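Participant: Mind looking at a prediction? Sequence and model below.
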Amino acid sequence: MSIAETNESALVTTAAGTEAIVREYFADIPAMIQVARCESTFRHHLADGTVLRGFVDQRDTGVMQINTFYHQARADQLELNLEDIYENMAYARYLYEKQGLQPWSASQPCWGRTIALNV
């Protein structure tokens, strides 16, 4: 592992580091930044280094809480690893482009008001 990879890995394990990555990746879709805030509180990894899983549904994966029951097969077809933060966000972007914010409708009470205020 290179020094850059080690530094990035350390950055991703913190919520602040993950938030910075999410904000940069979704700078063109601010609503997705709010979705990440609500879905994972800008966490992709837990303190022990494992990938964040949903509290209610363990199949919800990573910073964007992509549900593997519904989305793993398509992610595999797209050659995206949902446990990788960048590929998790890439799949979230794919979903957003196909379905808008609908896949994250369960967390709309959290992000919906924020998005409405930013319009």
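Facilitator: Right, received. Where do you want to start? Residues are numbered from 1 along each chain as shown.
Participant: If we go by neighbour counts, what in the host helix or strand of K98 is buried?
Facilitator: K98 belongs to helix 85-99 when assigned by DSSP states H and E. Buried residues in helix 85-99, counted by 16 or more other CB atoms under 10 Å: I85, E87, N88, M89, A90, Y91, A92, R93, Y94, L95, Y96. All C-beta spots, glycine's among them, are computed from the backbone N, C-alpha and C.
Participant: neighbouring contacts of the helix or strand just after it?
Facilitator: Using DSSP H and E, the helix or strand that directly follows helix 85-99 along the chain is helix 108-117. With contacts defined as CB atoms under 8 Å, 6 or more residues apart in numbering, helix 108-117 is touched by P30, A31, Q34, V35, R37, C38, L101, W104.
Participant: Would you confirm that the fourth one belongs to a strand?
Facilitator: No. Assessed by DSSP: H, G, I helix; E, B strand; the rest coil, V35 does not belong to a strand; its assignment is helix.
Participant: so what's it closest to, chain neighbours aside?
Facilitator: W104 (4.8 Å; CB to CB, 6 or more residues apart in numbering).
Participant: What is the burial count for the one you found?
Facilitator: 25 (other CB atoms under 10 Å).
Participant: which one of the buried residues of helix 85-99 sits closest to R43?
Facilitator: Checking the buried residues of helix 85-99 against R43 by CB to CB gives I85 as the nearest, at 10.1 Å.
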